[in-house]
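predicted model follows, preceded by the sequence.
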Amino acid sequence: MTINVENVTKTYESGEVTIHALREATLKIPDHKIVTILGPSGSGKSTLLNVIGGIDRFDSGTLVVAGQQLELLKDHQLTDFRRKYAGFIFQQYNLIPTLTVQENVEVGRELSENPLDMKSMLEKVGMYDKKDKFPYQLSGGEQQRVAIARALIKNPQFLLCDEPTGALDEVTGKKILRLLKYVNEEFGTTVLIITHNHGIGAMAHKIIKMSSGSIVESFDNESPIDPE
Ligand code: ADP
Ligand code: ADP
């Protein structure tokens, strides 16, 4: 099991109010799968992704990812874990505007002990021809391709994607989903995708639904279909 979440709870204090972002969330995610996380806004999807990726701490429970028990790690160990194993993709691509495509991807490469090859990475996401362009010269879909290359070049065990198609039109979004599926097949990377779009669930091996901080449904999809 790459990812084993057991009774994980996380609260935020907001003035007098306690917000239960995760309530005893329990979940197993096998290696090499595509998993979508569905649920309304505020249901805890991002919090779940952030604790799995070691961005956020949690209050109680056990979380084992890539053989590491995250609640036992010191801060610097958690940072090492994140750099080594996790790649992040966000709705807003978070590229550095003053760096070219290749230089942005280089940022990811420098974090890794055993990075993939720059040229083949840029080719695989279809951005080699634009390696010297700056983010403002690219469409949204192209910027997201660069963000995927930046996350992937460090050869992470899993990609954590928070609304990766949220800022894209439908056609471009589907291209990005096909790229994520290709990444899963080509590199064996486990891919977790948060989405509002139930259509995206069709491509996943596993579908998780969240509500009010709880995982309310989790089922396997026997016959995932490609985003057409
Ligand atoms: P989702 O991704 O499903 O929209 P989130 O995980 O972002 O949900 O949020 C879950 C709950 O935790 C929400 O009620 C949200 O307002 C709250 N929350 C998230 N981050 C913070 C924070 N940094 N401080 C306070 N409350 C937060
Ligand atoms: P994709 O489907 O890969 O996201 P689009 O079809 O949106 O690409 O864009 C086609 C071409 O138009 C791209 O190669 C890109 O260079 C160019 N382009 C799109 N949007 C912009 C923009 N805002 N600024 C500059 N060039 C753009």
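It's in. Ligands and ions are numbered 1, 2, ... in the order given.

geometric centre of the chain: which residue is closest?
Nearest to the mean C-alpha position of the chain, by C-alpha atoms, centre = their mean, lies Leu160 at 1.0 Å.

pLDDT weak spots in the chain?
Across the chain, the ranges flagged by pLDDT under 70 are 1.

show me where it has its strands.
Secondary structure of the chain (DSSP state E): strands at 3-14, 17-29, 34-38, 60-65, 68-69, 86-90, 158-162, 190-194, 206-211, 214-220.

for ligand 2, which of these is the nearest?
strand 86-90 (14.9 Å; C-beta to the nearest ligand atom). C-beta here means a position set from N, CA and C on the backbone, and glycine is covered the same way.

packing partners for that closest one?
helix 140-152, strand 158-162 (3 or more C-beta pairs under 8 Å, 6 or more residues apart in numbering; DSSP states H and E).

need the ones you listed in a markdown table (columns: distance to ligand 1).
What follows is the helices and strands packed on strand 86-90, written out as a markdown table (distance: least, C-beta to the nearest ligand atom, whole Å):
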| stretch | distance to ligand 1 |
| --- | --- |
| helix 140-152 | 19 |
| strand 158-162 | 7 |
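
can you point me to the longest helix in this protein?
Criterion DSSP state H: the longest helix present in the chain is helix 170-187.

gap between it and the chain center?
In terms of C-alpha atoms, centre = their mean, to the nearest Å, the centre of helix 170-187 is found 13 Å from the chain centre.

okay, angle between it and strand 158-162 too, please.
170 degrees (axes from the mean of the first three to the mean of the last three C-alpha atoms, to 10 degrees).

what helices or strands is helix 170-187 leaning on?
Using 3+ C-beta pairs under 8 Å, 6+ apart, helix 170-187 is in contact with strand 34-38, helix 140-152, strand 158-162, strand 190-194.

quick one: which of these is nearest Thr26?
strand 34-38 (14.0 Å; C-beta to C-beta).

just want the angle from that closest one to strand 190-194.
Using the same axes, to 10 degrees: strand 34-38 against strand 190-194 is 20 degrees.

would strand 34-38 count as contacting ligand 1?
No. On the criterion C-beta under 6 Å from any ligand atom, strand 34-38 is out of touch with ligand 1, staying 8.2 Å away.

list the contacts of that strand.
29, 45, 48-49, 180-181, 184, 190-196, 198, 200-201, 203-210, 224 (C-beta atoms under 8 Å, 6 or more residues apart in numbering).

ok, and of those residues, which contact ligand 1?
Counting by C-beta under 6 Å from any ligand atom, Lys45 from those sit close to ligand 1.

done for today, thanks.
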